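Asks: compute the structure for the input listed below.
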Amino acid sequence: MLNSKLAAFLRTFSRYDVAQFRKYLASPFFNEREELLRLYEQLEEGGMDKEKEEVWPLLYPGTPYDDVRFRRHCSDLLRLAMDFTAYNQYASNPATGQVFLLHALASTDLEKHFDGVMRQAELLQEKAGHRDADFHYLSYMLHRRRHEHLEHTSPKTAAFEPIERADFHLDCYYFAKKLEHYADMLGYSKMVSETASVNIHPEFMGYLENSVFLKEPAVKAWYLVARMMLRPEETHFFQEMKTLLETQAGSFKHKELQTLFIHAMNYCIDTKINHGREDYYGELFALYRIALAREIIFDNGLLNPHHYKNIITVALHIRELAWAEAFIQDYTQRLPKANQENALNYNLAHVYFYQKRYDLVIELLREVEYQTIAYALGSRMLLLRTYFEQGEDQALDSLIDSYRIFLRRNRLISKEVKQQYLNMLRFTRKLVLLSPFDKKAIEKTRQEIENCKSLTLKQWLLEKVGEVR
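Replies: Residues are numbered from 1 along each chain as shown. Purely as a prediction, here's the structure:
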């Protein structure tokens, strides 16, 4: 079989990469071995699914198969494919190339050449729009090269300005990255018992608090993330973070912006909502609206299905029903194709449930395919609540029995999750049997629900107990 590392790497190439790599291999500057180009062309035409012995005659007709030689060809082609990828990464930021060019020009007397490249590099930096840590690192390199050039061409009259600017950008890069590492450490410490060793001076955060560096988005963002974790009770840090995501999104590359958004979202959920702060559902909703407007939670134009579901859940929780319905109609088409139809039917059914349009709920749930355990559990649970709200006791009783059998027989569902749903079924049946005249039984059931630690949809059950009269 073909070298698995080479095949796995080439399969990551886009159609554009495939065509460009062929040109890369055809250039004597990058590759002087014609047999590697021939090998790649054979792989491109379906050779990756063939045995090595089948590919060899296409490269060397009439020559006995040489395993060592073929393996070496594959290894060399993999190295060139990696070099090609590294080159593309290097070329993705034009200012990077200018930094290396300035380094070559710094020790020369080509002042006009140096100044021209320097102006072009600064212009490229401005056009990029980002003011993240990488921006500051490149700016540091540019001004450092300018300082070196001045030292070479006119050491007696060299100005302080280039080295001062280089030093400022170096500090911005250091503080941004140090804070990012610190925030990562604080996050990990909440999930695992071990703690990463990130050395922070005791007065580090205090020094930054009143420094000029907090005017830089790259530093300010990670400072706020760290403060949100260290002082969760001081909610103004979260509010500043929300404002920064809304107004300074263009300062960050997409991946970093997503990470910052996740930190803000986790603050709402882990620090506030999970500790009883229901008002933070509204904050989380506002945060998601910013993320939609700025396309923070999209990858290559597609909306992350996890965020899609969470947005609807949050909107329904705060009774933004019309907004949730409009969101489903407008954004379902932005999901990956395979997720669209089920997501539309399932989530629209949820909206209709909250709108008390129960006939439409049942109609849509018939169209939902149980592609995953989540759909299987969620659809049945929504149908159960719909039957309860409609007073369809016979249909509800039958569903509870079949649901219980499904839970007990399904080996893919964990014991903990099974227990949460089994308790839900038990309390739902108990609610149906409650007499509005038996106040003691009602109160006892309410307390049992309240005290049950393993229970899904507890809030809905408590609402239904309160309605028994």
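
Asks: element containing the residue lying closest to residue 333 once chain neighbours are set aside, please.
Replies: In space, and not counting its chain neighbours, residue 333 is closest to residue 340: 6.5 Å by Cβ to Cβ, 6 or more residues apart in numbering. The C-beta positions use only the backbone N, C-alpha and C, and glycine is treated the same way. Assessed by DSSP states H and E, residue 340 sits inside helix 337-354.

Asks: show me what that helix is packed against.
Replies: helix 305-317, helix 321-331, helix 358-365, helix 373-390 (3 or more Cβ pairs under 8 Å, 6 or more residues apart in numbering; DSSP states H and E).

Asks: as CSV, those helices with mean neighbour count, distance to residue 74 and mean pLDDT would be great.
Replies: Formatted as CSV, these follow (neighbours: other Cβ atoms under 10 Å; distance: least, Cβ to Cβ, whole Å; pLDDT from 0 to 100):
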stretch, mean neighbour count, distance to residue 74, mean pLDDT
helix 305-317, 19, 37, 92
helix 321-331, 16, 44, 95
helix 358-365, 18, 52, 95
helix 373-390, 19, 41, 93
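
Asks: tabulate those (CSV), appending distance to residue 17.
Replies: As requested, the helices and strands packed on helix 337-354 are exported to CSV (distance: least, Cβ to Cβ, whole Å):
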stretch, distance to residue 17
helix 305-317, 26
helix 321-331, 30
helix 358-365, 41
helix 373-390, 34
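
Asks: which outside residues touch the helix holding residue 340?
Replies: 305, 308-309, 312, 316, 319, 321, 324-325, 328, 332-333, 335, 358, 360-361, 364-365, 367-369, 371, 375, 378-379, 382, 385-386, 389 (Cβ atoms under 8 Å, 6 or more residues apart in numbering).

Asks: can you give me the angle it makes with helix 358-365?
Replies: Put simply, helix 337-354 runs at 160 degrees to helix 358-365, going by axes from the mean of the first three to the mean of the last three Cα atoms, to 10 degrees.

Asks: tilt between helix 337-354 and helix 321-331?
Replies: Using the same axes, to 10 degrees: helix 337-354 against helix 321-331 is 160 degrees.

Asks: gap between helix 337-354 and the chain center?
Replies: Chain-centre distance of helix 337-354: 22 Å, with Cα atoms, centre = their mean, to the nearest Å.

Asks: what mean pLDDT does it get?
Replies: Mean pLDDT, helix 337-354: 93.

Asks: give the buried residues for it.
Replies: By neighbour count on 16 or more other Cβ atoms under 10 Å, the buried set for helix 337-354 is 339, 342-354.

Asks: so where's the stretch 51-200 of the chain shaky on pLDDT?
Replies: Where the stretch 51-200 of the chain drops to pLDDT under 70, the residues are 155-159, 190-196.

Asks: which residue ranges form the helices in it?
Replies: 52-59, 67-91, 94-105, 111-128, 133-153, 161-191 (DSSP state H, counting those that start in this stretch).

Asks: next, residue 302: phi, psi?
Replies: phi -100, psi 140 (degrees, to the nearest 10).

Asks: wait, it sits on residue 335?
Replies: Yes: using Cβ atoms under 8 Å, residue 302 is in contact with residue 335, at 6.7 Å.

Asks: residue contacts, the closest residue to residue 113 other than its chain neighbours?
Replies: For residue 113, ignoring the flanking residues on the chain, the nearest one in space by Cβ to Cβ, 6+ apart is residue 105 at 5.8 Å. Residue 105 makes contacts with 113, 114, 117, 145, 149, as judged by Cβ under 8 Å, 6+ apart.

Asks: a markdown table for those residues, including neighbour count and distance to residue 7?
Replies: Formatted as a markdown table, these follow (neighbours: other Cβ atoms under 10 Å; distance: Cβ to Cβ, whole Å):
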| residue | neighbour count | distance to residue 7 |
| --- | --- | --- |
| 113 | 14 | 45 |
| 114 | 22 | 46 |
| 117 | 20 | 41 |
| 145 | 25 | 42 |
| 149 | 24 | 47 |
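
Asks: in these, find the pair that's most separated.
Replies: 113 and 145 (12.6 Å; Cβ to Cβ).

Asks: what about residue 410, how many residues nearby?
Replies: Residues lying near residue 410 (other Cβ atoms under 10 Å) number 13.
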